[in-house]
Each structure stands twice: as structure tokens, then as C-alpha cells.
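1. how does the following fold in three dimensions:
(chains A and B)
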Amino acid sequence: GAGVSQSPSNKVTEKGKDVELRCDPISGHTALYWYRQRLGQGLEFLIYFQGNSAPDKSGLPSDRFSAERTGESVSTLTIQRTQQEDSAVYLCASSPHGVVGYTFGSGTRLTVV
Amino acid sequence: GESVGLHLPTLSVQEGDNSIINCAYSNSASDYFIWYKQESGKGPQFIIDIRSNMDKRQGQRVTVLLNKTVKHLSLQIAATQPGDSAVYFCAENRAGTGFQKLVFGTGTRLLVSP
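-> Model prediction:
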């Protein structure tokens, strides 16, 4: 597609439930990033995928968070046993290999009640 | 710890004024800086970037200044318009991290009054 597509745009879930967020990067972009943005705050790095290399998971806040990406296509971010502090906007970005500037999606606003 | 931060959380200006948004960084090894604009309900959008071997770069109505001596970055917006109202983030690429990993500041909200 023309841009980075994320779904759903909004998600309300009950505490303790699992959620899955989806990111569809720009075609041909080998790098894919997930960031978390809490209300009124900056972007917090979560995970980075580059092609078929092992992902950098150093930003994942707990073992309840995981992400997958098959090749250079869609990525899913899964949060298990959601907690209220997981409420945030989850942003996905992609970039071509060797290019630092990202293109962001519009994010998924997750609300845990 | 090392961080990228901003001096002012909110900046209010009148339409037509020039705006200056500031950012301090602490990692002298960072080699690349980007300013992003984030409008309500949208993802951050690239505005302008600058490499560490430069001290100034100009775009359309925007200028980024880099002062490596004091580790300071600024974004200047000329003739600010209501459509410029948004949150602005600076981000740095920390060289040597093994990949292109941007570290973002907290953000400054720019409010433009007509």
C-alpha cells in the first residue's frame, strides 16, 4: 500500500484478555518497528525487525509482550493478560534498509478497562 | 540515563509569528537527528532531518539548527500557521547501536492562535 497500515485503529479490552495488533508495512521496506506512546508522552521503542535477521526485542517491557513478522510482510504485536498500564497508542513504522527515517502508521489506540 | 528531552512542553504563538522548538540531547555519539510532527489521532510525520556533520538545514518554512558543542537541536518554523498546531518530537539516531534505532524526546505541543 501507499503507507503503513495498522489495525484495528481502536481496541477496548478487558483486563486479563489477550490482544493482537497488526501492522502492514510499506511494500519493500525491510525494517519494521513497534513503538508505544502513552498519553502525553514520547515514543517508547519496543521491538525492531530487519529482514530475516533475529529481531531486537530489547524494548519489550515484559514477557507478556511478543511480536512476530514473517519475512518482510505483516507484523503482529501480541499482548497477553493485558493490564491497565498497557493502555497506550501502539505505533508501527517501516523503512527501507539503511534508511533511518521511518514512515509511521496511524497507530492502534488500546484501552484496557 | 541518556535521553533526548525538550525544554518546553507547550508553546503558544500567534499566526504569522516564527516558532522555535528546542531539544537537548545527551549522547555526543548520535550522528543523525530528525524532527517529527504529530497531529491528533495520527502517527508522527517526518519534517526534516540533519546529520551531525552539519549545523543547519533548511526546508520549506522550516529550519533545523544543530549545536553539537552544547548538544542542542532546534526547529524553527517561519510564518506559523494554524495547520502547524501539533506535537513536535525530536529524535536521535545513536550511532553504534547496530541498527537504525531512533530515540524520541517527550515532545512539545505547538498551539497556533489565529
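
2. B:L66 is in contact with B:I48, isn't it?
-> No - distance between B:L66 and B:I48: 11.2 Å, which falls outside the contact criterion (Cβ atoms under 8 Å). Just so you know, the C-beta spots here come from the backbone N, C-alpha and C atoms, and that holds for glycine as well.

3. distance check, A:L32 against chain B.
-> Distance of A:L32 to chain B, computed by Cβ to the nearest Cβ, to the nearest Å: 12 Å.

4. and that residue, backbone torsions?
-> The phi/psi pair for A:L32 (degrees, to the nearest 10) reads phi -140, psi 140.

5. let me see the contact set for the nearest residue to it once chain neighbours are set aside.
-> Among residues not flanking A:L32 along the chain, A:F49 sits closest, at 4.5 Å (Cβ to Cβ, 6 or more residues apart in numbering or on different chains). Going by Cβ atoms under 8 Å, 6 or more residues apart in numbering or on different chains, A:F49 touches A:31-33, A:55, A:67, A:69, A:75.

6. which members of these are the farthest-apart pair?
-> The largest separation in these, counting by Cβ to Cβ, is between A:A31 and A:A67 at 13.6 Å.

7. run a quick neighbour tally on B:V62.
-> When neighbours are defined as other Cβ atoms under 10 Å in any protein chain shown, B:V62 has 17 of them.

8. checking the residue positioned nearest the centre of chain A next. Helix, strand or coil?
-> With distances taken as Cα atoms, centre = their mean, chain A has A:W34 as the residue nearest its mean C-alpha position (3.4 Å). Assigned with DSSP: H, G, I helix; E, B strand; the rest coil, A:W34 falls in the strand class.

9. can you pull the contacts of it?
-> Taking Cβ under 8 Å, 6+ apart as the test, what A:W34 contacts is A:23, A:46-48, A:67, A:75, A:77, A:90-92.

10. show the pLDDT at it.
-> Per-residue confidence (pLDDT) for A:W34: 96.

11. what's opposite it in the beta bridge?
-> A:I47, A:C92 (DSSP bridges).

12. separation between it and A:T70?
-> To A:T70, A:W34 is 15 Å away according to Cβ to Cβ, to the nearest Å.

13. B:S26 now?
-> In terms of Cβ to Cβ, B:S26 sits 37 Å off from A:T70.

14. what does B:G43 give?
-> From B:G43 to A:T70 the distance is 23 Å (Cβ to Cβ).

15. name the residue in the two with the higher neighbour count.
-> Between B:G43 and A:T70, B:G43 has the larger neighbour count (other Cβ under 10 Å), namely 23 against 10.

16. hmm, that one is touching A:F104, no?
-> Yes - under the criterion of Cβ under 8 Å, B:G43 makes contact with A:F104 at 3.3 Å.

17. need the pLDDT of A:T30.
-> For A:T30, pLDDT reads 90.

18. look up how far B:P9 lies from it.
-> 36 Å.

19. may I have the beta-bridge partners of the closest residue to chain B within chain A?
-> Chain B sits closest to A:F104 of chain A, with a gap of 3.3 Å, by Cβ to the nearest Cβ. Under DSSP bridges, the beta-bridge partners of A:F104 are A:A93.
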